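1. Can you look at this prediction? I've put the sequence above it.
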Amino acid sequence: MKLIPPFCHKDTPNSERKVFDALRNDKNSLTQNWIVYHSLNYKYDSKLVEKIYNYNRKYKNLRIQAGRNITPKIFNALRSNSEISFDGEPLRVDYNNDGSLSLGIDMSEKPEGWIVQVQKTFGEKRVLKNYNSTNTLI
């Protein structure tokens, strides 16, 4: 393990010195390639923390909104093409110039995405081994 800097300053708190010594004396093969930065007087910046938190919230909301926007388009594409059947194999999804979707058609070299089956558990019931109750998977 590489410690940067490779020593403790004389005014380093005892608690940090204990952590430094534990890291320096670590013989675990999994941590031998680790690089540890310490005693660098990093300041806690509440504005930076708030910025990261807000970015994370915006990213999560963007993902939710993207899902809500694509779902009606997939539904309309399925309704407009009665020949589409989903047998569990990945189903190709392509955007058309008018913003609609085409499913299962090789229009371009690169598809926009794929519809895949994740689980076959929708609506099935199972009994947990450790409990005497029945759960419905949704």
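-> That came through fine.
2. Break the chain down into its structural domains.
-> Dividing the chain into domains by automatic domain parsing, as the record does, gives the ranges 2-37, 46-127.
3. Residue ranges in the protein under the pLDDT threshold?
-> The chain contains residues with pLDDT under 70 at 39, 107-108, 118-138.
4. I'd like to know which elements the longest helix seen in the chain is packed against.
-> Determined from DSSP state H, the single longest helix within the chain is helix 46-80. On a contact count with 3 or more CB pairs under 8 Å, 6 or more residues apart in numbering; DSSP states H and E, helix 46-80 meets strand 101-103. (Glycine included, C-beta is placed from N, CA and C.)
5. Determine how far the strand it packs on lies from the middle of the whole chain.
-> In terms of CA atoms, centre = their mean, to the nearest Å, the centre of strand 101-103 is set 26 Å apart from its chain centre.
6. Stretch 89-101 too?
-> 24 Å.
7. Could you work out the end-to-end span of that stretch for me?
-> Start-to-end span of stretch 89-101 (CA to CA, to the nearest Å) is 18 Å.
8. Make TSV from the domains of the chain and add mean neighbour count to it.
-> Supplementary listing: the domains of the chain in TSV, determined by neighbours: other CB atoms under 10 Å:
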stretch	mean neighbour count
domain 2-37	11
domain 46-127	11
